[in-house]
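In: all I have is the shape, not the residue letters:
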């Protein structure tokens, strides 16, 4: 006589899997696999957002519609300061990419606003974020006048000498 086999194929959660006769151990594995899959989806979503925004930047800079880029820079600057984790990193990466691509064509006022945000991110505890913000800040300072660049470096160095 054949052993009866329980149908666990329709179980959508680990709890339902156990209710359908599946083992607790296997339900736990399914739960951890689901967590890993969700983390992968989050990472893919962040990457997709960054790539899409970079495509937008490339098309805007190619068509010389710089007026359309300034609001985008302002929004990314706000989000780089107000979000956390991968979303913050994606916004920061796109912001730095925009500065790299069309930074010389935007107003000094816009670049200075970005500098202020990046200067705030340079003092974060997150090493990766600090490096990204530092790279962006260096690029933003390179777009400014020599006098402004010297003043910005003095602002950055001054707090460390006051310790």
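Out: Perfect, thanks for sending it. As the structure is a prediction and not an experimental result, all values here were calculated from the model. Numbering: from 1, shown residues only.

In: what ranges do the helices span in this protein?
Out: Assigned by DSSP state H, the helices in the chain fall at 14-19, 24-62, 66-82, 85-102, 108-121, 127-143, 146-161.

In: can you give me the buried ones in the third one?
Out: Taking 16 or more other C-beta atoms under 10 Å as the neighbour-count basis, helix 66-82 is seen to contain the buried residues 69, 72, 73, 76, 77, 79, 80. (Glycine included, C-beta is placed from N, CA and C.)

In: out of those, who's nearest residue 136?
Out: residue 80 (8.8 Å; C-beta to C-beta).

In: now the closest one: how far from residue 142?
Out: Distance, residue 80 to residue 142, using C-beta to C-beta, to the nearest Å: 19 Å.

In: repeat that for residue 74.
Out: From residue 74 to residue 142 the distance is 21 Å (C-beta to C-beta).

In: what's the answer for residue 116, then?
Out: 16 Å.

In: count the neighbours of residue 94 for me.
Out: Residues contacting residue 94 under the criterion other C-beta atoms under 10 Å number 23.

In: how about the one 3 residues further on?
Out: Other residues near residue 97 come to 19 when the count uses other C-beta under 10 Å.

In: buried residues, stretch 105-117. List them.
Out: Neighbour-count burial for stretch 105-117 [16+ other C-beta under 10 Å]: 106, 110, 111, 113, 114, 115, 117.

In: flag the least confident of the residues you listed.
Out: For the buried residues of stretch 105-117, the least confident position by pLDDT is residue 106, scoring 85.

In: residue ranges in the protein under the pLDDT threshold?
Out: Across the chain, the ranges flagged by pLDDT under 70 are 1-67, 158-163.

In: again, only using 80
Out: Applying pLDDT under 80 to the chain flags the ranges 1-69, 86, 149, 153, 155-163.

In: and the gap between residue 149 and residue 111?
Out: With distances taken as C-beta to C-beta, residue 149 is found 11 Å from residue 111.

In: just the closest of the buried residues of helix 66-82 to residue 131, please.
Out: Within the buried residues of helix 66-82, the smallest distance to residue 131 is 14.2 Å, found for residue 80 (C-beta to C-beta).
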